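Undergrad: Just need the structure, nothing else, for what follows:
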Amino acid sequence: MIEHCWHHHHDILEIRPVAELKPAEFRALAAQVDPVICQHGYLQGLLIDARHFRGWQNFAALVSHCVFTRNQHRHVHRIAVLSDNALLGFMPQLLNHFVGAEVRPFPADDTESALEWLLYPG
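TA: Below you'll find the predicted structure:
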């Protein structure tokens with residue numbers, strides 16, 4: 001399951017995976033994100049709260065995640081990842097090779113700094 005909320009007038013999307021991810025969740029998330037991208041041309045930032053990330057339900061869910069990322073990453077300026085998991089700490093360096101957005105890790109309890117970085121690039 002993916003919970004989400006918007007910050008700063010739909011400039012920043014926060015997503016929180018709270019259970020194993022399923023393919024339908026990425027379609028539902030795209031239905032929320034696509035209209036904002038169509039209206040503004042981009043999404044200033046994506047905040048991924050990965051503190052409770054439990055992985056994917058199955059291979060189809062992983063593929064859906066990859067498709068969602070492929071379709072959306074060109075329209076996102078920055079991605080912040082909140083996590084204290086050492087393995088997830090390497091995710092930003094890995095993502096930087098595959099997405100056009102700048103990706104940066106933040107400690108799990110530092111939402112405020114992550115939002116500030118997403119909102120005020122430079």
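Undergrad: From now on I want contacts and neighbour counts done on CA atoms only, so please keep to that.
TA: Noted.
Undergrad: Can you show me the strands along this protein?
TA: If DSSP state E is used as the criterion, the strands of the chain fall at 2-7, 12-17, 43-49, 76-82, 102-106.
Undergrad: Specify the angle between the longest helix anywhere in the chain and strand 2-7 in degrees.
TA: The longest helix of the chain (DSSP state H) is helix 23-40. When axes from the mean of the first three to the mean of the last three C-alpha atoms, to 10 degrees is applied, the directions of helix 23-40 and strand 2-7 differ by 20 degrees.
Undergrad: Now find how far off-centre helix 23-40 is within its chain.
TA: 12 Å (C-alpha atoms, centre = their mean, to the nearest Å).
Undergrad: and it, what does it pack onto?
TA: helix 59-72 (3 or more C-alpha pairs under 8 Å, 6 or more residues apart in numbering; DSSP states H and E).
Undergrad: dump the residue contacts of residue 113.
TA: residue 106 (C-alpha atoms under 8 Å, 6 or more residues apart in numbering).
Undergrad: these two touch, right, residue 81 and residue 48?
TA: Yes - using C-alpha atoms under 8 Å, residue 81 and residue 48 qualify as a contacting pair, with a distance of 4.8 Å.
Undergrad: Reformat the strands of the chain into CSV and put mean pLDDT, distance to residue 60 and mean neighbour count next to each item.
TA: As requested, the strands of the chain are exported to CSV (pLDDT from 0 to 100; distance: least, C-alpha to C-alpha, whole Å; neighbours: other C-alpha atoms under 10 Å):
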stretch, mean pLDDT, distance to residue 60, mean neighbour count
strand 2-7, 85, 16, 14
strand 12-17, 86, 16, 20
strand 43-49, 84, 21, 25
strand 76-82, 84, 23, 23
strand 102-106, 83, 25, 20
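Undergrad: Before I go, just wanted to say thanks for your time.
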